[in-house]
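Colleague: model this:
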Amino acid sequence: MGARPERVAAEEVRQRMLEAGRELALEAGAALTIEHLRLEEVIQRARVPRSSVYRLWAYREQYTDDLLCYLAGPGSSFADRTVFDPETVTVIGRALAENMHRLATPDGRRALMCEVVRLSVARNYAALTESLQWRLQMALMATLGSTRSGEARQHIAAALEDSQRRSRESLVAVLEQITQVLGLRLRSPAYTLDHVQLAGGLLVQSLALRNVQVQAARGTADSAGPDAGPGASAGLDGVDGVGTASDTALVNGLLNVPVPGPGLDGKPVEWTLAAFAYLGVIDSFIELDPDFVPPGPVISQAAAHEP
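Modeller: Model (predicted):
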């Protein structure tokens with residue numbers, strides 16, 4: 001007598017199916033492909049009984065809505081971390097630790113603030129560009145209205161907003177620590193660090209999203225070969241829907257070729273466009289606090305660095 005098939009609890013079937021769908025969506029690289037996921041392919045990836053799946057979701061559309069809710073919430077890139085890219089926080093901490101002696105003067109504090117912006121935003125911009133999970137989040141936001149039921153739309157929107165809230169709160173806390181260490185203050189009582197985070201964060205995200213698009217266009221043009229001619233990257237860069245390889249190269253250069261900006265020692269250094277633009281946001285909202293008194297050890301360190 002043959003062995004009975006493995007019995008899998010309904011909740012485990014659900015979790016395996018949602019995680020398998022998430023893996024397939026990430027491999028495909030865009031949430032738009034979720035609509036085209038074959039349920040049989042997901043079942044094979046999840047290694048669960050087909051009958052159990054159809055007891056949970058009678059129709060593929062029901063599974064798709066649940067998967068979208070999962071991707072926006074428990075399966076999102078913010079589900080198991082307090083910030084999108086922990087390495088960005090590490091970069092900030094390292095820059096501060098290595099330059100604490102600069103807190104002794106207003107010019108030093110300004111230079112260190114610029115250096116923190118330059119390094120951390122460059123890191124975050126690169127991390128966003130490379131992150132499949134973040135692209136999935138962006139695609140979910142862009143296609144939110146395409147779900148069939150109003151209830152599913154509400155669940156997805158709520159899950160997305162919750163992940164954005166947690167990310168915002170953690171980044172505001174980071175900004176708060178930086179302003180305290182560097183002796184910065186908001187330029188007006190009407191401003192908050194939430195304003196700074198939202199304006200700066202959306203700026204960097206939009207540039208990273210444009211970079212994703214440009215790199216995809218460059219890949220299309222490269223794969224088309226040198227004889228593809230104008231329009232090899234059609235629909236990706238042109239205002240009228242028709243782009244050229246030269247358009248793509250121009251935007252790629254604007255996004256990714258370094259621009260000169262302030263350095264720690266008063267000499268220009270290389271900045272990414274994202275970091276340089278973010279510095280403009282910081283300068284609009286934040287200024288040096290003239291009443292800031294650096295810690296005593298910092299003053300001693302500054303004396304030690306004098307020639």
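Colleague: what sits against Q205?
Modeller: Q205 makes contact with 128, 138, according to C-beta atoms under 8 Å, 6 or more residues apart in numbering. The way it works is simple: take the backbone N, C-alpha and C, and place the C-beta from them, glycine included.
Colleague: rerun that using 7 Å as the cut-off
Modeller: With contacts defined as C-beta atoms under 7 Å, 6 or more residues apart in numbering, the neighbours of Q205 are L128.
Colleague: Can you say which helix or strand has it in it?
Modeller: Using DSSP states H and E, Q205 sits in helix 193-224.
Colleague: Give me the below-cutoff pLDDT ranges for the stretch 51-200 of the chain.
Modeller: Applying pLDDT under 70 to the stretch 51-200 of the chain picks out residues 75-84, 145-149.
Colleague: make it 90
Modeller: Along the stretch 51-200 of the chain, segments meeting pLDDT under 90 span 58-86, 130-171.
Colleague: Quick one: the strands in it, in order.
Modeller: Using DSSP state E, counting those that start in this stretch, the strands of the stretch 51-200 of the chain run over residues 184-186.
Colleague: After the helix holding Q205, which helix or strand is next? Please name it.
Modeller: Going down the chain from helix 193-224, the next helix or strand is helix 245-256, by DSSP H and E.
Colleague: Next, the angle from that next one to helix 193-224.
Modeller: Between helix 245-256 and helix 193-224, the angle comes out at 150 degrees (axes from the mean of the first three to the mean of the last three C-alpha atoms, to 10 degrees).
Colleague: Would you mind stating the distance between the most centrally placed residue in the chain and Q137?
Modeller: The structure's the chain has its C-alpha centroid closest to L128; by C-alpha atoms, centre = their mean the separation is 3.9 Å. Using C-beta to C-beta, to the nearest Å, we find L128 at a distance of 10 Å from Q137.
Colleague: Other residues contacting stretch 279-290?
Modeller: 106, 109-110, 114, 117, 179, 183-187, 191, 195-196, 199-200, 203.
Colleague: any idea how far it is from the chain center?
Modeller: Relative to the mean C-alpha coordinate of its chain, stretch 279-290 is positioned 23 Å out (C-alpha atoms, centre = their mean, to the nearest Å).
Colleague: Endpoints of it, how far apart?
Modeller: 20 Å (C-alpha to C-alpha, to the nearest Å).
Colleague: What residues sit buried inside that stretch?
Modeller: Using 16 or more other C-beta atoms under 10 Å as the test for burial, stretch 279-290 gives 279, 281-282, 285-286, 289.
Colleague: Could you do stretch 46-63 as well?
Modeller: Across stretch 46-63, burial judged by 16+ other C-beta under 10 Å covers 46, 48, 52-53, 57, 63.
Colleague: Could you pull up phi and psi at D265?
Modeller: For D265, the backbone dihedrals are phi -110, psi 20 (criterion: degrees, to the nearest 10).
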